[in-house]
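Novice: Give me a 3D structure for the following:
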Amino acid sequence: MHDLIIDLAMFMSKGFSYRLEVRESHEIERVRHLSYAREEFDVAHKFDPLKGAKCLRTFLPTSLNPYEKCYLSKQVLQVLLPSLRCLRVLSLSRYKNVNVLPDSIENLIHLRYLDLSYTALERLPDVLCGCKSLTKLPVDMRKLINLHHLDVSGTKIVEMPVQMGRLKSLRTLAAFDALQGNLKDKKDLKGFVLEWSDEDADDSLKEKDVLDNLQPCVNLEKLTIRSYGGTQFPNWLRDSSFFNIQVLRLKDCSYCWLMPPIGQLPALKKLRIKRMKLVKTIGVEFYGRNEDSPIQPFQSLEKLQFGEMAEWEEWVPSGSGSGGEYGPDFPRLQELFLKDCPKLRGSLLLACHLPCLKKLWVST
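Specialist: A predicted model of the protein is given here:
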């Protein structure tokens, strides 16, 4: 069935989508979407079939090994790409020799998605943005009014250009360490990744201040916080007004010793917590219940994962219990994963109070 679906998809997209590896005749001027397997050396003649592809909208390399080192011909950067003026999606991710973009890249006025992650770029033309060694974004970032996705994960950026609030089309914003993003006003922002490039924090209070000021719009649906260096999570994370958050991931927050009180996020369905090295006890604070908010915690949570929690010893229920006034702590939880939590005691006892549990997976 899987092969049939693939064959159907290829048939329906024939003439508009093109893979360089598939040697079939195409009317190249009609092709809109290109994908190809990234190789160690992607030389210029590999892309010869694209001459005349004036309607191309997608330029997307793929790879089975995302960690391999790859190199792209400079001729592709300087000649081919600027000529593809209809491009909306452009990825140069993981090309290690991409350290500068030509000014002619500004010809791509329709560009909506740009992925320059894990390249060697240090500075960009004043019309674009990206990458791993990047320390500064161009002043004219505010002019990219059609930009939908901005990924600067793993960079050394310390501030954003002024008037970033003009980017009303921005929907996904991967982490930057700044206070000028005006994220509360970005009502179309659905996914948000906050990632610190250096796990070792020099000032935990400053880290928390930064995160407090990066409060996103309440319409957010997916949130990831990774390698955060503060000792406490932001105040806004406990706010039940974030009624749309469905997926939350907390990873490598190595200096936090308490869990955030996220039990009151009403739409939360998937929660993944990994490598929080200082956490020894998950207590009542986790559920977010208090006198002002007596709501049943985790009322929508279906999947809960804990991984590599080396010091975690105790998991305390909220106190309501399965027969309490507000019912069980996880009334809809179906899947519970506990991986590499060697010191945790009583997890199986807790599982007995999960009325909808279908899958329990424990490994060390």
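Novice: Run through the strands of the stretch 251-364 of the chain in chain order.
Specialist: Here the stretch 251-364 of the chain has its strands, by DSSP state E, counting those that start in this stretch, at 270-274, 281-282, 303-307, 314-315, 335-339, 359-363.
Novice: Below-threshold pLDDT in this structure: ranges please.
Specialist: 1-28, 66-67, 122-182, 197-203, 290-294, 319-326, 346-352 (pLDDT under 70).
Novice: Output the strands of the stretch 251-364 of the chain as JSON lines; include the columns distance to Ile295 and mean neighbour count.
Specialist: For glycine as for every other residue, the C-beta is placed from the backbone atoms N, C-alpha and C. Output for the strands of the stretch 251-364 of the chain, formatted as JSON lines (distance: least, C-beta to C-beta, whole Å; neighbours: other C-beta atoms under 10 Å):
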{"stretch": "strand 270-274", "distance to Ile295": "17", "mean neighbour count": "19"}
{"stretch": "strand 281-282", "distance to Ile295": "19", "mean neighbour count": "18"}
{"stretch": "strand 303-307", "distance to Ile295": "18", "mean neighbour count": "18"}
{"stretch": "strand 314-315", "distance to Ile295": "21", "mean neighbour count": "15"}
{"stretch": "strand 335-339", "distance to Ile295": "22", "mean neighbour count": "18"}
{"stretch": "strand 359-363", "distance to Ile295": "26", "mean neighbour count": "11"}
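Novice: Redo those as TSV? Include distance to Tyr95.
Specialist: Converted to TSV, these look like this (distance: least, C-beta to C-beta, whole Å):
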stretch	distance to Tyr95
strand 270-274	29
strand 281-282	42
strand 303-307	31
strand 314-315	45
strand 335-339	34
strand 359-363	37
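Novice: distance of Leu278 from Glu285?
Specialist: Distance from Leu278 to Glu285, counting by C-beta to C-beta, to the nearest Å: 14 Å.
Novice: Neighbour count for these two, which is higher?
Specialist: Glu285 (18 against 14; other C-beta atoms under 10 Å).
Novice: Could you double-check that that one lies in contact with Met259?
Specialist: Yes: the criterion here is C-beta atoms under 8 Å, and Glu285 meets it with Met259 at 6.5 Å.
Novice: Send me stretch 230-244 as CSV with only the CA atoms.
Specialist: Output of stretch 230-244 as CSV, limited to C-alpha atoms (Å, rounded to 0.1, in the frame of the first residue of the first chain):
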residue,chain,number,x,y,z
GLY,A,230,18.4,29.6,33.6
THR,A,231,17.5,28.0,36.8
GLN,A,232,13.8,28.7,36.5
PHE,A,233,11.4,28.7,33.6
PRO,A,234,9.6,31.8,32.4
ASN,A,235,6.5,33.0,34.2
TRP,A,236,4.4,32.9,31.0
LEU,A,237,4.9,29.2,30.6
ARG,A,238,2.5,28.6,33.5
ASP,A,239,-0.2,30.8,32.0
SER,A,240,-3.4,28.9,31.1
SER,A,241,-4.2,31.6,28.6
PHE,A,242,-1.9,29.6,26.2
PHE,A,243,-4.9,27.6,25.4
ASN,A,244,-3.6,26.4,22.0
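Novice: which element is Leu211 on?
Specialist: helix 204-213 (DSSP states H and E).
Novice: how about that helix: buried residues?
Specialist: By neighbour count on 16 or more other C-beta atoms under 10 Å, the buried set for helix 204-213 is 207-208, 210-212.
Novice: farthest pair in those?
Specialist: For the buried residues of helix 204-213, the farthest-apart pair by C-beta to C-beta is Glu207 and Asp212; their separation is 9.7 Å.
Novice: Next, give phi and psi for Ser91.
Specialist: Main-chain dihedrals, Ser91, degrees, to the nearest 10: phi -120, psi 130.
Novice: Quick check: Gln215 vs Pro261, distance?
Specialist: Counting by C-beta to C-beta, the gap from Gln215 to Pro261 is 16 Å.
Novice: Could you tell me the end-to-end distance of stretch 312-328?
Specialist: Start and end residues of stretch 312-328 are separated by 22 Å (C-alpha to C-alpha, to the nearest Å).
Novice: count of neighbours near Tyr71?
Specialist: By other C-beta under 10 Å, 15 other residues sit near Tyr71.
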